[in-house]
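*Asks:* Just need the structure, nothing else, for what follows:
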Amino acid sequence: MPELVLWDIDHTLMATRGLGRELWAEAFHQVTGVTLLEQADVTGSTERVILRETARLHDVPYTDDLFTSFAQALGTVHVRHAAELRERGHALPGTAAVLSALAEQGVRQSVVTGNVRAAAEVKLAVFGLDSYLDLENGAYGEDGEGRPELLRAALKRAVVAPADAVFLGDTPADVAGGRETGVRVVAVATGRTSAEDLRTAGADVVLYNLADVSRAVAAIGA
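*Replies:* Residues are numbered from 1 along each chain as shown. Purely as a prediction, here's the structure:
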């Protein structure tokens, strides 16, 4: 087993069924005063990049202070809508069981996600996944613009070498981040990217989902 397993959140551990975009729009309007008409591509991206590109689409000047305000607002919006998130979203099949199986084997686990930390914490808590994860040693949207930066931040915090970690994600950006940083990638085709495209991107292992817990655990420990 690896020393550290790092998880992407959206479409790897859970799905929010459209609520995520609604909450994003609410936070965007709160900090800019502008109604969201179009959101930049979110697949495999980070909140900092999404905000900057979405602000550009609406002729809103982007600054670091804007991102700081937006991150705070987005976290607050998630807290306020936690019950609705629980009702509309769901943890993907097998995720809790895989997290639990790894924890029973003493494997350290955390997250590498484009979400800002406050929103990530709410999402994980709502679906009962937070108890398996050491969130202090994760990396979030505040920590950089791309997956390589986030992976390096998490590895540094956990004091783990890339060769001793595994990263699970669902996008080509996740795969590319792992390859650039030397972290083995187990890709899960539970998002918008097909298993074939994840293989083409260079994932070390591709799973269609995490429902087969034994197979998923074996793939992580291969």
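*Asks:* any idea how far Arg179 lies from Phe167?
*Replies:* Applying CB to CB, to the nearest Å, the value for Arg179 to Phe167 is 10 Å. (C-beta placed from N, C-alpha, C; glycine too.)
*Asks:* and Arg86, what is it in contact with?
*Replies:* Val126, Phe127 (CB atoms under 8 Å, 6 or more residues apart in numbering).
*Asks:* still on that earlier bit, the more surrounded of Arg179 and Phe167?
*Replies:* Counted by other CB atoms under 10 Å, Arg179 and Phe167 do not tie: Phe167 has more neighbours, with 30 against 17.
*Asks:* Next, show the common contact partners of Arg179 and Phe167.
*Replies:* Common neighbours of Arg179 and Phe167, counting by CB under 8 Å, 6+ apart, are Val185.
*Asks:* Name the nearest residue to Pro2, sequence neighbours excluded.
*Replies:* The spatially closest residue to Pro2, leaving aside those adjacent along the chain, is Val166, at 4.5 Å (CB to CB, 6 or more residues apart in numbering).
*Asks:* Sorry, slip of the keys, the one I care about is Ala118.
*Replies:* Nearest to Ala118 is Gly75, by CB to CB, 6+ apart, at 2.5 Å.
*Asks:* Quick check on Val122: phi, psi?
*Replies:* Backbone torsions for Val122, taken as degrees, to the nearest 10, come to phi -60, psi -50.
*Asks:* Quick one, grab the pLDDT at Met1.
*Replies:* For Met1, the pLDDT comes out at 96.
*Asks:* repeat for Val42
*Replies:* On the pLDDT scale, Val42 gets 86.
*Asks:* That one: what's it in contact with?
*Replies:* Arg21, Ile50, Gly114.
*Asks:* The first one: neighbour count?
*Replies:* When neighbours are defined as other CB under 10 Å, Arg21 has 12 of them.
*Asks:* Fine by me, we can end here.
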